[in-house]
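In: What shape does this take:
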Amino acid sequence: MKTPPLNAVKAFEAVSRHLSVTRAASELCVTQGATSQQIKILENYMNCSLFIRDAKGLTLTEAGQRLASVAQKALGELAAVAEEIIGTQRTTLSISAPPSFTVKWLIPNLDKFYEKHLDLNVVIDASCDVRSFRSHGIDASIRFGRGENLPSNSKVLGCSEVIIVASPAYIKKTPKIETYADLCEHKLISYETKIESHRKLHKSWKNVFADLGLSLDLGKASIVFTEGHLALTAAIHGHGLALTESILVDHELQSGQLVRVLDTSFPEDNCYTFFKPEYTQKMVALEKFEDWLMSSLACSLRKV
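Out: Have a look, this model is predicted:
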């Protein structure tokens with residue numbers, strides 16, 4: 001016995017759930033006309049009406065109810081089996097990345113990676129510690145540093161500028177900031193890592209004030225965090241001014257949670273670099289992740 005045309009069954013199943021051609025068409029990413037045409041094809045195939053059409057909308061006929069029950073179950077089982085098969089074929093990549101970069105850039109952008117690579121899973125190790133590919137089970141790592149004298153199996157991803165940000169609420173309730181000197185009158189939020197070797201990697205308020213020819217009053221009220229994303233969270237909640245790499249606050253600037261202060265920026269001497277082993281069975285998967293990472297980060301850097 002011939003089976004009903006699959007596209008027509010898919011259209012019918014969607015319409016039977018929504019009882020709306022419009023919503024079904026939207027779900028299937030096709031036009032209403034195309035969806036209606038598929039329903040007509042199936043009704044002709046079944047030689048009966050599957051829906052009652054009146055001013056109130058659509059309702060299923062008895063035949064439509066029987067077919068809907070079977071179609072929904074069959075397509076659901078088909079999707080589940082397909083997902084299971086894809087899952088067994090997936091390669092899992094373990095990527096180590098700095099916590100703040102992970103929270104503020106990698107996580108918000110990962111969905112775009114998965115849209116292109118359904119065959120890959122990613123496990124994120126959020127850490128600034130040195131990670132050995134073999135002993136720590138890491139497939140690749142993203143690190144922040146000078147980007148000099150790098151091994152051949154590494155690639156510089158890009159360098160971001162440093163900007164000053166604050167919440168609109170903080171700007172509204174505090175004295176105006178019209179000149180660099182005005183910064184001295186505000187509460188400063190700082191990021192100071194506990195890792196000795198990393199302390200000089202990130203630009204500090206002391207560096208910025210020195211660049212501007214200003215004296216930093218260390219007696220002024222300030223808040224210090226050991227992670228950059230925590231300092232940004234404090235800024236979002238209106239606790240003061242924060243220094244940050246511009247790519248880490250792209251979402252917050254677009255949404256209005258944060259605003260730039262003085263519309264100025266400071267060059268960043270350090271860059272993000274991608275490290276991978278010279279030889280690995282996962283090289284094809286790693287290169288997919290690397291290509292996506294480079295193009296996506298380049299796009300973010302162009303926007304800011």
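
In: S96 reaches G137, doesn't it?
Out: No. Contact criterion CB atoms under 8 Å: S96 and G137 do not qualify, at 9.9 Å. (C-beta placed from N, C-alpha, C; glycine too.)

In: the more surrounded of these two?
Out: Counted by other CB atoms under 10 Å, S96 and G137 do not tie: S96 has more neighbours, with 25 against 12.

In: got the contact list for that one?
Out: When contacts are counted by CB atoms under 8 Å, 6 or more residues apart in numbering, S96 touches 124-127, 131, 136, 138, 140-142.

In: Assign it to one of the three secondary structure states.
Out: Secondary structure, DSSP: H, G, I helix; E, B strand; the rest coil: S96 is strand.

In: quick one: it from K104, how far?
Out: Distance, S96 to K104, using CB to CB, to the nearest Å: 16 Å.

In: any chance you could map the strands in the stretch 201-304 of the chain?
Out: For the stretch 201-304 of the chain, the strands defined by DSSP state E, counting those that start in this stretch occupy 222-225, 241-245, 259-266, 271-275.

In: what residues does the second one touch?
Out: Outside strand 241-245, the residues within contact range by CB under 8 Å, 6+ apart are 160-166, 170, 183, 186-191, 203-205, 208, 228, 231-232, 234-235, 261, 268.

In: ok, now the third one?
Out: Counting by CB under 8 Å, 6+ apart, strand 259-266 makes contact with 161-168, 171, 177, 180, 183, 203, 207-208, 211, 241, 246, 253, all of which sit outside it.

In: wait, isn't I52 in contact with T61?
Out: Yes. Using CB under 8 Å, I52 is in contact with T61, at 5.9 Å.

In: about what we covered before: filter the contacts of strand 259-266 down to the ones in helices?
Out: 168, 171, 207-208, 211, 253 (DSSP state H).

In: Domain ranges for this structure, per the record?
Out: When the chain is parsed with automatic domain parsing, its domains come out as 6-88, 91-159+271-303, 162-266.

In: Please produce TSV containing those, extended by mean pLDDT.
Out: Rendered in TSV, the data for the domains of the chain read as follows (pLDDT from 0 to 100):
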stretch	mean pLDDT
domain 6-88	89
domain 91-159+271-303	86
domain 162-266	86
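
In: Which parts of the stretch 51-200 of the chain are strands?
Out: Counting by DSSP E, counting those that start in this stretch, the strands of the stretch 51-200 of the chain are 51-54, 57-60, 91-97, 120-126, 140-145, 154-158, 162-166, 188-191.

In: Including distance to S36, could those strands go into TSV?
Out: Compiled in TSV, the strands of the stretch 51-200 of the chain are given as follows (distance: least, CB to CB, whole Å):
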stretch	distance to S36
strand 51-54	10
strand 57-60	11
strand 91-97	42
strand 120-126	38
strand 140-145	49
strand 154-158	49
strand 162-166	51
strand 188-191	58
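
In: which stretch among those comes nearest A74?
Out: With CB to CB as the criterion, A74 lies closest to strand 57-60 of the strands of the stretch 51-200 of the chain, at 16.6 Å.

In: picking up where we left off before, if any of the contacts of strand 259-266 are buried, put those into a ChimeraX selection.
Out: In ChimeraX, this line selects whichever of those come out buried by 16 or more other CB atoms under 10 Å:
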select :161,162,163,164,165,166,167,171,177,180,183,203,207,208,241,246,253
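
In: Could you point out the longest helix of this protein?
Out: Ranked by residue count under DSSP H, the longest helix found in the chain is helix 62-89.

In: So for that one, what gets flagged as buried?
Out: Neighbour-count burial for helix 62-89, counted by 16+ other CB under 10 Å, picks out 64, 67-68, 71.

In: Over to stretch 106-117?
Out: For stretch 106-117, by 16+ other CB under 10 Å, it's 106, 109, 113, 117.

In: Surely the third one touches A285?
Out: No. Shown here, F113 and A285 do not form a contact pair, counting by CB under 8 Å, at 11.4 Å.

In: Find residues that contact each of these two.
Out: L120.

In: wait, doesn't D125 sit right on I138?
Out: Yes. When contacts are counted by CB under 8 Å, D125 is listed as touching I138 (6.3 Å).
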